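[1] below: sequence and its predicted model.
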Amino acid sequence: MSILVENITKLYSSQKALNDVSFEIKTGEIVGFIGPNGAGKSTMMKIICGYLPPSMGKATVNGFDVIEQSVDVRKHIGYLPEHNPLYPEMYVREYLEFAGGIYKVKNLANRIVEIIGLTGLSSEQHKKIGALSKGYRQRVGLAQALIHNPSVLVLDEPTTGLDPNQIVEIRNLISEAGKSKTIMLSTHLMQEVEAICNRIIIINKGEIVANNLIQDIYQQTANKEFTVLVEFNKLLEEADVKQIAQVDKVRKIADNSWLVSNSKGVDIREVIFKYAVEKGYSVLSMQKQEKSLEEVFRELTK
């Protein structure tokens, strides 16, 4: 077991940031740790990394207690905080030498060359960190998290503020690292969770509200409603669409496009085709609508 959290509570004066939180992350898993702002994500990650003590409960990393054996925990963890704390006046290689020196990395010069190649920093390695773009600064943050070859990575909002190209690049780096490491990833990008993670843990107001494989969480929150997005070749009125048999909910999306539903889960695609044929219309497209992870997230945290 890479990460084990047991009944963690964290109090800030009378405010309860975490309330009896428990979960585990197995070796080799990539787990998305998601929740609204202020839900307790960063607090939980800081406790796991040994930066904050819990008020109650216990957490271990690779069997080491985060409080009683914090030095051992930090040897096994690579941590990238939400606000990447770099030294802008230092050069990239200089900073990695500094970080690697703290961890007493053996053959450090060779390891720096390896990490620079892995994180795509070759063209920027002789620049000062302050002169780098946000995307390259995030790469430097990942490089320092990886420099000592930890078995566990804890990444808090690693793609915040990046453009779409940079997001894909950092996402690919994380996916590659996940082939040999356990990763706990916090993000607000649902497509990132779907692209990278095996499992998700959703936290809301300091409590775990979901902890499962992504497909199982979809099923957990699924309703019986069967919804279809249909586009006709003609402009119809709402009253016309409501005439379709077994359709009990209608919403206009565009001039000729409608979301039509059956609340009991009946597949209504065939009756839509029959209706169109009877009325002399053509169906230009029809697609069953699945619930998105964003909708699941909102349903569990609203």
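    Cool, got the structure. Numbers count the residues shown, from 1 in each chain.
[2] and the next helix or strand past the one helix or strand Ser175 maps to?
    Element membership of Ser175 [criterion: DSSP states H and E] is helix 164-177. Per DSSP H and E, the first helix or strand lying C-terminal to helix 164-177 is strand 182-186.
[3] quick one: low-confidence parts of the stretch 201-302 of the chain?
    Applying pLDDT under 70 to the stretch 201-302 of the chain flags the ranges 219-224.
[4] what helices or strands is whichever strand or helix holds Val5 leaning on?
    Per DSSP H and E, Val5 falls inside strand 3-12. Counting contacts by 3 or more Cβ pairs under 8 Å, 6 or more residues apart in numbering; DSSP states H and E, the secondary-structure elements packed against strand 3-12 are strand 15-25, helix 41-48, strand 56-61. C-beta: built from backbone N, CA, C; applies to glycine.
[5] switch the ones you listed over to a markdown table; also include mean neighbour count, distance to Ser122 and mean pLDDT.
    Output for the helices and strands packed on strand 3-12, formatted as a markdown table (neighbours: other Cβ atoms under 10 Å; distance: least, Cβ to Cβ, whole Å; pLDDT from 0 to 100):
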| stretch | mean neighbour count | distance to Ser122 | mean pLDDT |
| --- | --- | --- | --- |
| strand 15-25 | 18 | 32 | 95 |
| helix 41-48 | 24 | 30 | 94 |
| strand 56-61 | 19 | 32 | 96 |
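[6] nearest to Phe226, of those?
    Phe226 sits nearest to strand 15-25 of all those, at 33.4 Å, using Cβ to Cβ.
[7] between whichever helix or strand comes after the closest one and helix 164-177, how many degrees?
    Downstream of strand 15-25, the next assigned helix or strand under DSSP H and E is strand 30-34. Interaxial angle, strand 30-34 versus helix 164-177 (axes from the mean of the first three to the mean of the last three Cα atoms, to 10 degrees): 130 degrees.
[8] list of residues touching strand 30-34?
    Applying Cβ atoms under 8 Å, 6 or more residues apart in numbering, the external contacts of strand 30-34 come out as 25, 41, 44-45, 174-175, 178, 182-188, 190, 192-193, 196-203, 297.
[9] that strand vs strand 182-186, what angle?
    Going by the same axes, to 10 degrees, strand 30-34 makes 20 degrees with strand 182-186.
[10] how near is Glu157 to Ala109?
    According to Cβ to Cβ, to the nearest Å, Glu157 stands 31 Å off from Ala109.
[11] between those two, who's got more neighbours?
    Each of Glu157 and Ala109 has its neighbours counted (other Cβ atoms under 10 Å); Glu157 has more, 20 against 11.
[12] and the helix or strand containing Phe297, which residues are buried?
    In the assignment (DSSP H and E), Phe297 maps to helix 293-301. Neighbour counts using 16 or more other Cβ atoms under 10 Å place Leu293, Val296, Phe297, Leu300, Thr301 of helix 293-301 among the buried residues.
[13] now the two most distant members of those residues.
    Leu293 and Thr301 (12.0 Å).
[14] can you get me a residue count around Arg74?
    Neighbours of Arg74 using other Cβ under 10 Å come to 20.
[15] Ile8 contacts Phe23, doesn't it?
    No. In this structure, Ile8 is not within contact of Phe23 by Cβ atoms under 8 Å, at 9.3 Å.
[16] which parts of the stretch 51-200 of the chain are helices?
    70-76, 92-102, 108-118, 134-146, 164-177, 190-196 (DSSP state H, counting those that start in this stretch).
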